[in-house]
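A.B. asks: this one's structure only:
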């Protein structure tokens, strides 16, 4: 390493799935936006209005959209597991890979 700097290839790149989350009036974490072309959009499994229940086994409950967003973001190209509940009440597990720019 030169002068204590990490080589570019070793620097972790933060990445997401292309969703914006908010809290609804009941305190649940809701998908407010799905970014076109992001992993969530390309999966076809996540829609605006869906409830985010779990991120990698962590129950969102009423912890807040900010904490849920923090947990969804991770190293680029790493997997993330979500449990989503649709507006119709259907629950599904969704497995995505985080990408930069999403």
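C.D. replies: Perfect, I can see it now. As the structure is a prediction and not an experimental result, all values here were calculated from the model. Numbers count the residues shown, from 1 in each chain.

A.B. asks: I figured residue 83 hits residue 90, correct?
C.D. replies: No: assessed by Cβ atoms under 8 Å, residue 83 is found out of contact with residue 90, at 11.3 Å. No exception for glycine: its C-beta is placed from N, CA and C like everyone else's.

A.B. asks: Show me which of the two is the more surrounded one.
C.D. replies: Neighbour count, other Cβ atoms under 10 Å: between residue 83 and residue 90, residue 83 has more, with 18 against 9.

A.B. asks: check which helix or strand covers that one.
C.D. replies: Residue 83 is part of strand 79-85, with elements assigned from DSSP states H and E.

A.B. asks: next SSE after that strand?
C.D. replies: Strand 79-85 is succeeded, C-terminally, by strand 91-97 (DSSP H and E).

A.B. asks: The strand holding residue 83: partners in the sheet, and parallel or antiparallel?
C.D. replies: Here strand 79-85 is paired, per DSSP bridges, with strand 51-55 (antiparallel), strand 91-97 (antiparallel).

A.B. asks: for that strand, which positions count as buried?
C.D. replies: The neighbour-count check on strand 79-85 (16 or more other Cβ atoms under 10 Å) flags 80, 82, 83, 84 as buried.

A.B. asks: With stretch 56-70 instead?
C.D. replies: Those buried within stretch 56-70 under the rule 16+ other Cβ under 10 Å are 60, 63, 65, 68, 69.

A.B. asks: need those in CSV with pLDDT and secondary structure, can you?
C.D. replies: Shown next, in CSV, are these (pLDDT from 0 to 100; DSSP: H, G, I helix; E, B strand; the rest coil):
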residue, pLDDT, secondary structure
60, 93, coil
63, 86, coil
65, 95, helix
68, 95, helix
69, 95, helix
